[in-house]
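**Student:** Would you be able to build a 3D model of this:
(chains A, B, C and D)
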Protein chains: 2
Amino acid sequence: MNSNSRIKETINLLIIDDHKMVREGLKIMMASLKNSVHFNVQEAESGKEALTKINRFNFDVAIVDYQMPGMSGVETIQRILRLKPHLKILALSNYDELSYIESMMDAGANGFVLKNIEPGEMLKALRTILSNKIYYCNDVSIKIIEAAENKNTQKVQLEKILSTRETEVLRMIAMEMTNDEIAQKLFLSKRTIDTHRQNLINKLNVKNTAGLVKAAYKFNLIEQ
Amino acid sequence: MNSNSRIKETINLLIIDDHKMVREGLKIMMASLKNSVHFNVQEAESGKEALTKINRFNFDVAIVDYQMPGMSGVETIQRILRLKPHLKILALSNYDELSYIESMMDAGANGFVLKNIEPGEMLKALRTILSNKIYYCNDVSIKIIEAAENKNTQKVQLEKILSTRETEVLRMIAMEMTNDEIAQKLFLSKRTIDTHRQNLINKLNVKNTAGLVKAAYKFNLIEQ
DNA sequence: AAAAATCTACGTCTTTATACTTAATAAATA
DNA sequence: TATTTATTAAGTATAAAGACGTAGATTTTT
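**Tutor:** Have a look, this model is predicted:
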């Protein structure tokens, strides 16, 4: 049914947004694409109404707004997917807030676009998620990449916590070296490395080697 | 000088591409944006010519093609930045190959766009990188996100290597627990955990606890 | 110049981890 | 059914790590 409708380029779509203006805008957008695809559009102004319609009709995609009174976008997605696990979901939002993106995608959305989206991109987004891929509009994907990169930029703080030598020793511990091996490599006494290791455990507030290695990851002393 | 020209919305641009057609296309694109920005455009058909022009004139941005005979796009970027470390660089390519993206960005590019870019997005890209941010066109950023997600999908292999119990113990080791603590939590003998730990070291081909924790990361048993 | 931090190192003791072997029982697989 | 794998457990050692404290020499900061 789903695949048939896609071959005929018919998309059964449910728009879920509490603002009538947004729903109307989206319907006009879909109508403007009628040369490429035929849309069967229905709308719901709340998560509750959406669930009723989803029980009654067969949709290919649901466009779900993030901000809704009552049942939130996140909860709406979760409950939709409990009813129809294979229904594709495109999250819609005014803002490219990372927390919005993460919560909607974690809830099970297949894509996330902003409301300033153009018709051509909307079509691309819908086709992408219908072919089992993820779609983000550009501002959103740049936000995600930035966030991923920032995660790896907290190593600056490392230098405030650990001394150069301690950092060096920590890196070698994470390379599976024993204190003896580290001492030999650095031409130092094994007891010196003992001390460094102890200080590392205290400074980083961990319990043992496992904690040290996790800290080494956090501070990006280990690649990958 | 750079900032002045930006306030006046004048962008001094160098286009580096071996194909005359591409250079002409870009110049037409810049001309079409003359209502928004005034461009001073120069062009170079090789990395060598680019370096000469960069030595002679002051540019704000260089658009650098990936595929060029002789000096490659990557090498061109590296040598440009050795001369002018603060010059912004927009990488240009026909394909959104991850290896292309990575090599150009590693070389020092501030953004990466495909040749099918529209004038409006080109302006956005240039303004973004001129304000010290990174810009990727959408296909490119989706590629990057996909690659990052695939990195975290190799955990399937874990189940082929380790048993359920071993996986459980490994996770607890990575949580900084000792064998004694693990044993108590699982209502098992400490000697059983000793054995599991030894088997983990052998199966995962690591040397000690540090290696086990790294393996736990590789298999995504640890969040972050 | 004085104070603080870093790097070095040792003593002593306890706890944990690592190495290698054996082995019973249950469960899964061939 | 026979064989392999998983899970459990112990014996016996040695190696390594972890927890205290102390302390001189050097470097950095105030």
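
**Student:** could you point out which element follows the lowest-mean-pLDDT helix or strand in chain A?
**Tutor:** Within chain A, no helix or strand scores below helix A:2-7, which has a mean of 45 by mean pLDDT, DSSP states H and E. Downstream of helix A:2-7, the first helix or strand assigned by DSSP states H and E is strand A:10-16.

**Student:** in the helix or strand just after that next one, what's buried?
**Tutor:** The helix or strand immediately downstream of strand A:10-16 is helix A:20-32, counting by DSSP H and E. For helix A:20-32, burial by neighbour count (16 or more other CB atoms under 10 Å in any protein chain shown) applies to A:22-23, A:26-27, A:29-30. Where you see a C-beta, it was placed from the backbone N, CA and C, and this is true even at glycine.

**Student:** pLDDT score assigned to the residue of chain A found nearest DNA strand C?
**Tutor:** Scanning chain A for proximity to DNA strand C using CB to the nearest atom of the strand identifies residue A:163 as nearest, at 2.5 Å. With respect to pLDDT, residue A:163 scores 84.

**Student:** what do you get for the one 10 residues further on?
**Tutor:** On the pLDDT scale, residue A:173 is placed at 94.

**Student:** Wasn't it part of a helix?
**Tutor:** Yes - counting by DSSP: H, G, I helix; E, B strand; the rest coil, residue A:173 is located in a helix.

**Student:** wait, what's in contact with it?
**Tutor:** Listed by CB atoms under 8 Å, 6 or more residues apart in numbering or on different chains, the contact set of residue A:173 reads A:182, A:197, A:200, A:209, A:212-213, A:216, B:210.

**Student:** run the last query once more with 6 Å
**Tutor:** Counting by CB atoms under 6 Å, 6 or more residues apart in numbering or on different chains, residue A:173 makes contact with A:212, B:210.

**Student:** quick one: it from residue A:198, how far?
**Tutor:** Separation of residue A:173 from residue A:198 (CB to CB, to the nearest Å) stands at 12 Å.

**Student:** cool, residue A:30 as well?
**Tutor:** 66 Å.

**Student:** Same question for residue A:17.
**Tutor:** Residue A:17 is 58 Å from residue A:198, by CB to CB.

**Student:** Tell me which residues touch residue A:211, please.
**Tutor:** residue B:176.

**Student:** Please repeat the previous calculation with a cut-off of 7 Å.
**Tutor:** A:204, B:176 (CB atoms under 7 Å, 6 or more residues apart in numbering or on different chains).

**Student:** Is it in a helix, a strand, or coil?
**Tutor:** helix.

**Student:** how near is the residue with the largest distance to the centre of chain A to residue A:71?
**Tutor:** Within chain A, the residue lying farthest from the chain centre (CA atoms, centre = their mean) is residue A:189, at 47.3 Å. For residue A:189, the distance to residue A:71 equals 65 Å [CB to CB].

**Student:** And the contacts of stretch A:32-46?
**Tutor:** A:9-16, A:18, A:23, A:27, A:30, A:50, A:53, A:57, A:68, A:70-71, A:119, A:123.

**Student:** Would you mark the buried spots in that stretch?
**Tutor:** For stretch A:32-46, by 16+ other CB under 10 Å, it's A:33, A:37, A:39, A:41-46.

**Student:** now swap in stretch A:208-222 and tell me
**Tutor:** A:209-219, A:221-222.

**Student:** what would the residues you listed look like in TSV with distance to residue B:82 and pLDDT?
**Tutor:** Shown next, in TSV, are the buried residues of stretch A:208-222 (distance: CB to CB, whole Å; pLDDT from 0 to 100):
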residue	distance to residue B:82	pLDDT
A:209	42	94
A:210	43	93
A:211	42	92
A:212	38	93
A:213	37	94
A:214	38	92
A:215	35	89
A:216	32	89
A:217	33	87
A:218	33	84
A:219	30	82
A:221	28	83
A:222	30	81
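
**Student:** what sits against residue A:14?
**Tutor:** Residue A:14 is in contact with A:42, A:44, A:50, A:53-54, A:59, A:62, counting by CB under 7 Å, 6+ apart.
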